[in-house]
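>>> sequence unknown, structure follows:
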């Protein structure tokens, strides 16, 4: 089997819940490019932006959570792509913590590491590798962000890093997608799967910081994300009052 189609402990696409989802959606019956887009749209918008307990959750655990951030959404996206016989690989990097400012503030922000592990999937399409980094923020969260704190074109913060917050390249068109790329400050290159990357680089937090994140910080961040998402449908008058 092509190494870019194989299951791994993290990319557990043989898990019953993943198999059931793929069968229910009928993704395998779609043409290749449409198949990629359907899986991508599911992970982008039906798996909301949010912070899980760990970067290295299995794809089935992310699916069960129903939300994810860059690293966990990448794992789910890769597992689903491989499940429908679309080759993909993992791209590792770090982002500057300024990209998270606003979702977390004050002392909790100061305690965060300067460099945060980041990743995205690369999919094989038309004999080239295409970046799928734009999967991270769901459409409602992006709209809520525009309705509250995001203004102008270039924007860095609240989980977004883009040259054009009004129209970031997040839709699947057969080309690269991106929503956090301007926050990237270090490249690690490509890996066959997330398992290999985490074996080499570990995950973002360990020890006391990890415990604090799991028990407190991520809940604060998820409440902030939810409050912004709720602003997605604000009338114009209410938007102006924020």
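Ah, there it is. Being a predicted model, the structure only gives us computed values, none of them experimental.
>>> what's the longest strand belonging to the chain packed up against?
In the chain, taking DSSP state E as the definition, the longest strand is strand 115-125. Secondary-structure packing of strand 115-125 (3 or more C-beta pairs under 8 Å, 6 or more residues apart in numbering; DSSP states H and E): helix 32-41, helix 70-83, strand 88-96, strand 128-131, strand 184-191, helix 194-201. Bear in mind the C-beta positions are built from the backbone N, C-alpha and C, glycine included.
>>> now it: average pLDDT?
Across strand 115-125, pLDDT averages out at 96.
>>> so what strands line up beside that strand?
Strands that pair with strand 115-125, judged by DSSP bridges, come out as strand 88-96 (antiparallel), strand 128-131 (antiparallel).
>>> among the ones you listed, which is the most enclosed?
Across the strands paired with strand 115-125, the average number of neighbours (mean count of other C-beta atoms under 10 Å) peaks for strand 88-96, which reaches a mean of 22.
>>> touching that one from outside, list them.
Strand 88-96 is contacted from outside by 4, 70, 74, 77-78, 81-82, 114-124, 129, 131-132, 161, 180, 183-194, 196-197, 201, using C-beta atoms under 8 Å, 6 or more residues apart in numbering.
>>> quick check, residue 103 in contact with residue 226.
No - in this structure, residue 103 is not within contact of residue 226 by C-beta atoms under 8 Å, at 10.9 Å.
>>> between those two, which is the more surrounded one?
When residue 103 and residue 226 are compared for neighbours, residue 103 comes out ahead with 22 against 15, by other C-beta atoms under 10 Å.
>>> next, count neighbours for residue 85.
Look at residue 85: counted by other C-beta under 10 Å, it has 12 neighbours.
>>> my bad, should have said residue 61
By the criterion of other C-beta under 10 Å, residue 61 has 20 neighbours.
>>> just the buried members of the contacts of strand 88-96?
Buried subset of the contacts of strand 88-96 (neighbour count, 16 or more other C-beta atoms under 10 Å): 4, 70, 74, 77-78, 81-82, 116-124, 129, 131-132, 161, 180, 183-185, 188, 191-194, 196-197.
>>> about what we covered before: and of the helices and strands packed on strand 115-125, who's closest to residue 230?
For residue 230, the closest of the helices and strands packed on strand 115-125 is helix 70-83, at 20.7 Å, according to C-beta to C-beta.
>>> tell me how far that closest one lies from the chain's centre.
9 Å (C-alpha atoms, centre = their mean, to the nearest Å).
>>> tell me the contacts of residue 62?
So residue 62 contacts 47, 52, 68, 72, 73, 75, 76 (C-beta under 8 Å, 6+ apart).
>>> ok, now which ones touch the fifth one?
Looking back up the chat, that one is residue 73. Taking C-beta under 8 Å, 6+ apart as the test, what residue 73 contacts is 43, 44, 47, 62, 135, 136.
>>> what's around the closest residue to the second one other than its chain neighbours, how many residues?
Going back to what we said before, that points to residue 44. Counting by C-beta to C-beta, 6 or more residues apart in numbering, the nearest residue to residue 44 once its immediate chain neighbours are dropped is residue 135, at 4.5 Å. If you count neighbours by other C-beta under 10 Å, residue 135 ends up with 29.
>>> quick one, what contacts residue 135?
Counting by C-beta under 8 Å, 6+ apart, residue 135 makes contact with 40, 43, 44, 73, 74, 77, 120, 121, 170, 177.
>>> count the neighbours of the nearest residue to the first one once chain neighbours are set aside for me.
Yep, that's residue 40 we're talking about. Closest residue to residue 40 apart from its sequence neighbours, by C-beta to C-beta, 6+ apart: residue 172 at 4.6 Å. Using other C-beta under 10 Å, residue 172 has 21 neighbouring residues.
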